[in-house]
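**Student:** Output the structure for:
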Amino acid sequence: MQKIGFAEALDSIVTSDPRYGRGAYVFLRDALDFTTKQQKKIKGVSVRHVTGPELLDGVRRYALKEFGPMVMTVFDSWGVHSCEDVGNMVFNLIGAGVFGKTDEDSIEDFKNVYDFAEAFVKPFTPEKPATGKSPTHLPARKAARSSN
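**Tutor:** Okay, the predicted model is just below:
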């Protein structure tokens, strides 16, 4: 049996499940690579398997690094709005033979791990002043005097 390439797998996936943009799957593959490299730095050994919550943490960190405050805009354009969406994409890639899984892995591993607004909007939201006072405003401009 010939192994299917990533591009061919994506063609098949986005045809059968058009909910998510092709770029989302490319990003997910890159986020998995990012996650395994980060785990290797921490653990000092080669990582053979990443759990759903570990991948979601890697997706969060990689998305913030790559897209900054535009992350929700990018994800929205791909149809990705929740951790469950990431799980659906992972299992689409598993079904296509691109990603592997263990017997312990489940789509349930991706449910309610974190809130997207909390993970991707809050880091860029300015903090409110601690005193509760409204910020001081610059003095109003004086109207230009007309010369007669």
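**Student:** Every contact and neighbour count from this point should use C-alpha atoms.
**Tutor:** Fine.
**Student:** Out of the helices and strands in the protein, which is least certain?
**Tutor:** helix 22-43 (a mean of 92; mean pLDDT, DSSP states H and E).
**Student:** Skip ahead from that one and say which helix or strand is next.
**Tutor:** Tracing the chain past helix 22-43, the next element assigned as helix or strand by DSSP states H and E is helix 52-67.
**Student:** counting contacts, what elements does that next one pack onto?
**Tutor:** Where contact means 3 or more C-alpha pairs under 8 Å, 6 or more residues apart in numbering; DSSP states H and E, helix 52-67 is packed against helix 22-43, helix 71-78, helix 83-95.
**Student:** Name the residues that touch the least confident helix or strand of the chain?
**Tutor:** For helix 22-43, the external contacting residues (C-alpha atoms under 8 Å, 6 or more residues apart in numbering) are 10, 14, 46-47, 50, 54-55, 58-59, 62-63, 75, 78, 80, 86, 89-90.
**Student:** run the last query once more with 7 Å
**Tutor:** When contacts are taken as C-alpha atoms under 7 Å, 6 or more residues apart in numbering, the neighbours of helix 22-43 outside the stretch itself are 10, 14, 46, 47, 55, 58, 59, 62, 78, 89.
**Student:** Turn the residues you listed into TSV, including pLDDT and neighbour count.
**Tutor:** Compiled in TSV, these are given as follows (pLDDT from 0 to 100; neighbours: other C-alpha atoms under 10 Å):
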residue	pLDDT	neighbour count
10	96	21
14	96	15
46	70	11
47	68	13
55	97	23
58	97	24
59	98	22
62	98	20
78	98	17
89	98	21
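**Student:** closest to residue 119 among these?
**Tutor:** Closest to residue 119 out of the contacts of helix 22-43 is residue 59 (10.4 Å), distances taken as C-alpha to C-alpha.
**Student:** what's near enough to touch the closest one?
**Tutor:** For residue 59, counting by C-alpha under 7 Å, 6+ apart, the contacting residues are residue 31.
**Student:** hmm, try it at 8 Å
**Tutor:** If a contact means C-alpha under 8 Å, 6+ apart, then residue 59 has 28, 31, 32, 35 as its contacts.
**Student:** likewise residue 49?
**Tutor:** residue 101.
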